[in-house]
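Asker: dropping a prediction and its sequence here:
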Amino acid sequence: MGCRPVLAIDSYHLSGPYKGALLSAIAYDANDGMFPLALGVVGSKNYEDWYWFLEKLKGIIDGQEVIIISDRYQGILRSVSELFRVENHSYCYQHVKENFSSFFNRQNIRGKKGKEDALLLLDNIAYAWLDINYNEAFEKLVRFNADLVRWVAENSPEHWAMSKFLKKHWDNRVLQCVVKR
């Protein structure tokens, strides 16, 4: 109670004598403070471990509808869609942007300015509140590079672009990672 219905989940590799992974879920309280909701230590970060963790998390939130923010790890994608419904899953924009940047680096586009321009266009697509603004930003990307347009279209903008995400927007953090690395 008292937190926004937006949960960020993530995992961290454990090293030293105790191998495995630490899974976490955090929320924001009314004062924009981070509220740790759940932690779990598991053997790995596979589907079964994520399903177990998210099933326990679902029990904690007691039927309240929440938006889950995460990266696009396959174990998370599958378990979130099974337990919380796929339309309640928002992809961490920081991770999306890193993947876009990696894709950009593999293209034959030269120059630091070109990459900066492409990332700015992606930001405009992601942060557009209205469909008209999204479409304008998308058209600019079309004129910039067709391969980048294809990447955006194939990477589920309905899960990370504000105007395409169908659930209620709580603030601009809904589509960003909560935990900065």
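Answerer: Everything's here; your move.
Asker: how about residues contacting the one helix or strand residue 35 maps to?
Answerer: Per DSSP states H and E: residue 35 is located in strand 34-42. For strand 34-42, the external contacting residues (Cβ atoms under 8 Å, 6 or more residues apart in numbering) are 3, 7, 14, 18, 20-29, 49, 52-53, 56-57, 60, 178-179. Using the backbone N, CA and C atoms, a C-beta is placed for each residue, glycine as well.
Asker: what of stretch 147-162?
Answerer: 89-93, 96, 99-100, 103-104, 107, 118, 121-122, 125-129, 134, 138, 141-142, 164-166, 169, 172, 174-175.
Asker: now the buried members of those residues.
Answerer: The neighbour-count test (16 or more other Cβ atoms under 10 Å) applied to those identifies 89-93, 96, 100, 103-104, 118, 121-122, 125-128, 134, 138, 141, 164-165, 174-175 as buried.
Asker: keep only those of these that are in helices.
Answerer: 93, 96, 100, 103-104, 118, 121-122, 125-127, 134, 138, 141 (DSSP state H).
Asker: CSV please, covering these and showing distance to residue 40 and pLDDT.
Answerer: Converted to CSV, these look like this (distance: Cβ to Cβ, whole Å; pLDDT from 0 to 100):
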residue, distance to residue 40, pLDDT
93, 25, 94
96, 25, 96
100, 30, 96
103, 32, 94
104, 35, 92
118, 37, 94
121, 38, 96
122, 33, 97
125, 34, 97
126, 30, 95
127, 32, 94
134, 36, 96
138, 39, 96
141, 39, 95
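Asker: any chance of those residues in a markdown table, plus distance to residue 85?
Answerer: A markdown table is the format used below for those (distance: Cβ to Cβ, whole Å):
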| residue | distance to residue 85 |
| --- | --- |
| 93 | 20 |
| 96 | 20 |
| 100 | 26 |
| 103 | 28 |
| 104 | 32 |
| 118 | 32 |
| 121 | 30 |
| 122 | 26 |
| 125 | 24 |
| 126 | 22 |
| 127 | 24 |
| 134 | 23 |
| 138 | 26 |
| 141 | 29 |
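Asker: list the contacts of the nearest residue to residue 128 once chain neighbours are set aside.
Answerer: Sequence neighbours aside, residue 134 is the residue nearest to residue 128 in space, at 4.1 Å (criterion: Cβ to Cβ, 6 or more residues apart in numbering). Taking Cβ under 8 Å, 6+ apart as the criterion, residue 134 is in contact with 125, 128, 161, 163, 164.
Asker: contacting residues around stretch 64-83?
Answerer: 5-11, 45-51, 54-55, 58, 84, 86, 88-92, 95-96, 99, 167, 170, 174-178.
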